[in-house]
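> mind folding the following:
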Amino acid sequence: MASLDLSIVNVAFPALERTFTHDSPSVLSWVLTGYSIVFGSLLVVAGRTADRLGARRIFFAGLGVFCFGSLLCAVAPSVALLIAGRAVQGVGAAAVLPSSLGLLLGAFSVERRSQVVAMWGGIGALAVATGPSLGAALITAFSWRAAFYVNLPVGLVAWLMGRRVLVESRALTNSKSSGPDYPGVFLLGGALATLVLAISQGPSWGWTHPRVFGALALSLVLGVLFIIRSAHHDEPVLDLRLFRARSFSVANAAVLAYSMGFFAMLLGNILFLTSVWHYSILEAGLSVTPGPIVVALVSGPAGRLASRVGFRPVLLAGSAIFAGGLVWYAAVIGGAADYPGRWLPGTLVVGLGIGLTFPVLSAAAVASLEPSRYSVGSAVNQTARQIGGALGVAILVVVVGTPTSARMALEHFRHLWIFSAAMAVLSGLTCTQLRRPATTKTNADLTNSLSVSAKTREAD
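Numbers count the residues shown, from 1 in each chain. Model (predicted):
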């Protein structure tokens, strides 16, 4: 449900523009970035809270919060309430994801956990792959509000079934340790929100306006305070000690750059198809679906290949292929619609590149960590992904702007694809700094170690 909701909202964006005609794209973009900022800021803390209070308790709390946020979004009469609902959804998703994995790890024997975690990841991949077409069908049949209403029956079924079958995990409290760094969440969220505000509002306010400089200055101050707090807290939102591992630092820097290009492309493609080629939302949703399907098919083999030859060659190939697909868009796509001859080949190439990079980047981030740090390292990696996504969408708003003609719109989208390609290249160049470990861990090794770490104090 959480994974599906992200892709559905991307498809719903053109419908939101038609409903809230008095709100600019920079304001509407907060429907996406607000979710990413809250989710990314809370992910690690939510996982640690589940360790302390029990995964089952936090799972149901997160499920209830997510559904409440979905209801707020569905009935929202204004963009302000819609953004607030998305922020509430972000809180719920941050609680549901790590606690759901913790419940799975605690429910199965060690020898079966690798299969279970693989299925858990596969469900997320399936949701991403089906999200555009399912979301487009719902929005076409009803309205964009259906993209949020659909979460309510799903959440109800999960609640009723979960109350019967889910078994509480043992809370891993430590009386000598302080609680998770909740104030740090507000510092990180505030730093990200003010940075995104400055980027997204720069064109309308003016890049030299005092409000832009004020937002940038506030973001810098909050960011510095966040780093200082993280360095001195027992259970920080961002464990700076993790970055002593070179592979972890390099992989997360690569994820940040890659996510900026990826999420900008993800929304940009929907907007291009609906605004330049004048596709309906259903046509646009179906048009982008082949890419996620390729990602789902390639992700598993890519992980196995990386375990044999190392992370760096796979990531370099994937980044190059992803960038090549984006350059294809910029060079070949024109104002006249040509799906089979121009769009579909680019979509398949882009999907192949993403499948070779995103899952392998996640594995590379934790490969050099001690087994007891796999979970928290993975959570930090997901946080970097969400932060990159928020920045990418903000930059999309600036690059696409408000074109006054179809020709100008096409030119702006070409600039967007070039930006995304540049981020893919930057990510690939960053990955050249990865070192092949002396003993390459397979995906199963990492997963089994992850299952063990879920029982330790440092797991999240």
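> need the three-state assignment for residue 403.
Following DSSP: H, G, I helix; E, B strand; the rest coil, the label given to residue 403 is coil.
> right, and residue 367 touches residue 250 too?
No: using CB atoms under 8 Å, residue 367 is not in contact with residue 250; the gap is 11.1 Å. (C-beta placed from N, C-alpha, C; glycine too.)
> between these two, which one's more packed in?
residue 367 (26 against 23; other CB atoms under 10 Å).
> buried stuff in stretch 395-409?
Counting neighbours by 16 or more other CB atoms under 10 Å, one finds that the buried residues in stretch 395-409 are 395, 396, 397, 398, 399, 400, 401, 409.
> what separates it from the chain centre, distance-wise?
In terms of CA atoms, centre = their mean, to the nearest Å, the centre of stretch 395-409 is set 24 Å apart from its chain centre.
> quick one: residues in contact with that stretch.
In this structure, residues lying in contact with stretch 395-409 by CB atoms under 8 Å, 6 or more residues apart in numbering are 24-26, 29, 199-200, 202-203, 260, 263-264, 267-268, 271-272, 275-276, 335, 411-413, 415-416, 419.
> among the residues you listed, name the buried ones.
The buried subset of those (16+ other CB under 10 Å) comprises 24-26, 29, 199-200, 202-203, 260, 263-264, 267-268, 271-272, 275-276, 412-413, 416, 419.
> circling back to that earlier point, among the buried residues of stretch 395-409, which are in helices?
395, 396, 397, 398, 399, 400, 409 (DSSP state H).
> Serialize the residues you listed to JSON lines and add fields for pLDDT.
Output for those, formatted as JSON lines (pLDDT from 0 to 100):
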{"residue": "395", "pLDDT": "90"}
{"residue": "396", "pLDDT": "90"}
{"residue": "397", "pLDDT": "86"}
{"residue": "398", "pLDDT": "88"}
{"residue": "399", "pLDDT": "91"}
{"residue": "400", "pLDDT": "87"}
{"residue": "409", "pLDDT": "90"}
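> rebuild the residues you listed as a markdown table, extending it with distance to residue 295.
Output for those, formatted as a markdown table (distance: CB to CB, whole Å):
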| residue | distance to residue 295 |
| --- | --- |
| 395 | 22 |
| 396 | 20 |
| 397 | 25 |
| 398 | 27 |
| 399 | 24 |
| 400 | 24 |
| 409 | 27 |
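> quick one on the thing from earlier: quick one: which of the buried residues of stretch 395-409 is nearest residue 433?
residue 395 (24.1 Å; CB to CB).
> relative to residue 230, how far out is that closest one?
Residue 395 sits at a distance of 26 Å from residue 230 (criterion: CB to CB, to the nearest Å).
> tally of neighbours for residue 340?
Neighbours of residue 340 (other CB under 10 Å): 7.
> next, it: secondary structure please.
State at residue 340, reduced to three classes by three-state DSSP: helix.
> do you know how far it is from residue 289?
Look at residue 340 and residue 289: by CB to CB, they are 14 Å apart.
> cool, and residue 401?
For residue 401, the distance to residue 289 (CB to CB) stands at 27 Å.
> thought residue 62 was touching residue 155, still the case?
No: contact criterion CB under 8 Å: residue 155 and residue 62 do not qualify, at 10.3 Å.
> quick one, which of those two is more surrounded?
Neighbour count, other CB under 10 Å: between residue 155 and residue 62, residue 62 has more, with 25 against 20.
> ok, the more buried one - contacts?
Residues near residue 62 by CB under 8 Å, 6+ apart: 46, 91, 92, 93, 94, 95, 96, 99.
> likewise for residue 56?
99, 103, 166, 167, 168, 169.
> list phi and psi for it.
The phi/psi pair for residue 56 (degrees, to the nearest 10) reads phi -60, psi -40.
> report pLDDT for it.
pLDDT, residue 56: 88.
> how far away is it from residue 50?
9 Å.
> then residue 130?
28 Å.
> which one of the two has more residues nearby?
Ranked by neighbour count (other CB under 10 Å), residue 130 and residue 50 place residue 50 first, with 32 against 19.
> now the helix or strand encompassing that one: average pLDDT?
Take DSSP states H and E as the rule and residue 50 turns out to sit in helix 30-53. Helix 30-53 carries an average pLDDT of 83.
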